[in-house]
Every structure is written in structure tokens, then in C-alpha cells.
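Trainee: could you work out the structure for the sequence below:
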Amino acid sequence: MIVLSGSAPPADQIRDQIRGLVASGQLASHERLPSVRQLAHDLGLASGTVAKAYRALEQEGLLVTRTGAGTRVSPAATTTHRAVLQDARALVDTSLEHNTSMEETIRIIRAIWPHPNTR
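Mentor: Coordinates of the predicted model:
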């Protein structure tokens, strides 16, 4: 499910990947996530690193943690529109076809994304 790579801090990578899994519908509303200890063990990280990522996602309203019920995707979490997902998948395919890294593709998107005051 979650794979660490690149130079970003592990807690940031975990947060970004969980956001993506929810946005893409791969993690559904009410779906249970691994415990902090389990995910930390699976990734070879300290439990505090995973806990930090989970807490940040709880503050964003994406996750809900309840004693005895574990950490789950919030019922309020929404997925991304299907057309956006299809185009994103096409961009990934094109980027891979042209040997463009994920980091470079993201930099390109950030560079061409319109500034909020210009829309």
C-alpha cells in the first residue's frame, strides 16, 4: 500500500500517499488503516513517524481514530472526480513512456497550475 522513496520526510510521504489512496478511491470511507505500530513495522520506521502522519490526516478530517475501532478513513472523505483520475493516469503513462520521473512531472504540474488570483 505505502512505499517510501525519494527525499521527502517519511511522515510527509505517508500523508501524501494516504491522501492519494483516498482521492483515487483505493481507500474508501470507513475503511480501516493499519495500526500505527503495524505500518511503522512494515515500513521500518519509528511509530512516532507514522503517528505524526496519522495525526496530521486526522486534523485535515481525512482520518478518524477511535479506541478499539482503530484508524479509519473519515465518512466525510471524498474521492476525486473520475475524469481527473483518468487524465492523471494518462499523464502517468505518458510520463513513464518518456522517462519523466514522478518528481519532475509534479514540478511541471506545479509550474503550470494557475495562481488562485488568475482564475
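
Trainee: check the gap between Ser29 and Thr79 for me.
Mentor: Separation of Ser29 from Thr79 (C-beta to C-beta, to the nearest Å) stands at 9 Å. Glycine gets a C-beta too; all of them are placed from N, C-alpha and C.

Trainee: which strand or helix spans the residue sitting nearest the centre point of the chain?
Mentor: With distances taken as C-alpha atoms, centre = their mean, Gln17 lies nearest the centre of the chain, 2.4 Å away. Element membership for Gln17 (DSSP states H and E) is helix 10-23.

Trainee: and the contacts of the lengthiest helix in the chain?
Mentor: Determined from DSSP state H, the single longest helix within the chain is helix 82-97. With contact meaning C-beta atoms under 8 Å, 6 or more residues apart in numbering, helix 82-97 is reached by 24-25, 80, 100-102, 104-105.

Trainee: so among these, which ones count as buried?
Mentor: Thr105 (16 or more other C-beta atoms under 10 Å).

Trainee: which one of the contacts of helix 82-97 sits closest to Val36?
Mentor: Ranked by distance to Val36 (C-beta to C-beta), the contacts of helix 82-97 are led by Ser24 at 22.9 Å.

Trainee: pretty sure Val64 contacts Ala77?
Mentor: No: the criterion here is C-beta atoms under 8 Å, and Val64 misses it with Ala77 at 9.2 Å.

Trainee: state the pair within the contacts of helix 82-97 that is farthest apart.
Mentor: So, those by C-beta to C-beta: farthest apart are Gly25 and Glu104, at 26.0 Å.

Trainee: thinking again about what came up before, any idea which of the contacts of helix 82-97 is least confident?
Mentor: Among the contacts of helix 82-97, Thr80 has the lowest pLDDT, at 78.

Trainee: how about that residue, what does it touch?
Mentor: Here Thr80 is in contact with 23-25, 88 (C-beta under 8 Å, 6+ apart).

Trainee: now do the phi/psi pair for it.
Mentor: phi -80, psi 150 (degrees, to the nearest 10).

Trainee: what's the answer for Leu63, then?
Mentor: According to degrees, to the nearest 10, Leu63 has phi -120, psi 160.
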